[in-house]
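1. I would like to see how this sequence folds:
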Amino acid sequence: MPYIVDFETVSTVGLESSPVAEALAGLRANEARYYRNKYGHVFTVSPANEVPDVVDRVSRILRDEREIVIGSRPLEATAFDVDGLRMAYVFYESGLSVNVMYSIEDGGKRAVGFKLAYGMEVPEELAPRFKFARQKSKLAGVIRGSYFVIKGEY
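-> Numbering: from 1, shown residues only. All right, here's what the predicted structure looks like:
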């Protein structure tokens, strides 16, 4: 069942099995606030097992572009279109959030972003390949993030 992420009252609903559930909930709320403020979009997530097509699409792009397979279990996912972008998010039990930004128009921005919840170590499948920058968030504490540009067509 879809869940509207409230960024004013941060909740761990759907993320309880994560060892960094509070920080991951803050990270998820941070994304919800961004989309509400920038685009007026209500950020809604579903249990990952209810939207396997979203999880599969994100997994396929990671595998095809960089031979990355995330070892953690996906907890929640969402996909939506906003301002000419097709967005997809997967939130993993480890505290990792992966998003795919894919411009609908040819030649537009297309990238995969990684964000780590506070207290989470960089996953071994990402550690040797990416440097993570730090960003402060009122909702999520310190977020570490990285990204790569998508070269293929999906």
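2. Could I get the full set of strands for this protein?
-> Ranges of strands within the chain are 3-4, 44-47, 74-82, 85-92, 96-103, 110-116, 133-137, 141-149, based on DSSP state E.
3. Pipe the ones you listed into JSON lines and attach distance to Gly14 per row.
-> C-betas here are computed from N, CA, C, even on glycine. Below are the strands of the chain laid out as JSON lines (distance: least, CB to CB, whole Å):
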{"stretch": "strand 3-4", "distance to Gly14": "6"}
{"stretch": "strand 44-47", "distance to Gly14": "6"}
{"stretch": "strand 74-82", "distance to Gly14": "5"}
{"stretch": "strand 85-92", "distance to Gly14": "8"}
{"stretch": "strand 96-103", "distance to Gly14": "13"}
{"stretch": "strand 110-116", "distance to Gly14": "17"}
{"stretch": "strand 133-137", "distance to Gly14": "19"}
{"stretch": "strand 141-149", "distance to Gly14": "19"}
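4. how about these, which one is nearest Lys38?
-> Closest of the strands of the chain to Lys38 is strand 74-82, at 8.5 Å (criterion: CB to CB).
5. Give me the sheet partners of the closest one and which way each runs.
-> strand 44-47 (antiparallel), strand 85-92 (antiparallel) (DSSP bridges).
6. who touches it?
-> Around strand 74-82, the neighbours that count as contacts under CB atoms under 8 Å, 6 or more residues apart in numbering are 3, 14-15, 17-18, 28, 35, 39, 41, 43-48, 51, 53-55, 57-58, 86-93, 104.
7. angle of it against strand 96-103?
-> Here strand 74-82 runs at an angle of 20 degrees relative to strand 96-103 (axes from the mean of the first three to the mean of the last three CA atoms, to 10 degrees).
8. Just the buried positions in strand 74-82, please.
-> 74-80 (16 or more other CB atoms under 10 Å).
9. Tell me the one of those nearest Lys151?
-> Ala79 (20.8 Å).
10. in the sheet, who's paired with that closest one?
-> In beta-bridge terms (that is, DSSP bridges), Ala79 pairs with Ala88.
11. measure it to Met87 for me?
-> Distance, Ala79 to Met87, by CB to CB, to the nearest Å: 7 Å.
12. ok, now Glu16?
-> 25 Å.
13. who has more neighbours, these two?
-> Applying other CB atoms under 10 Å to Glu16 and Met87 shows that Met87 carries more neighbours, namely 19 against 10.
14. List the residues that contact the more buried one.
-> Each residue near Met87 by CB under 8 Å, 6+ apart is listed here: 78-81, 99-102.
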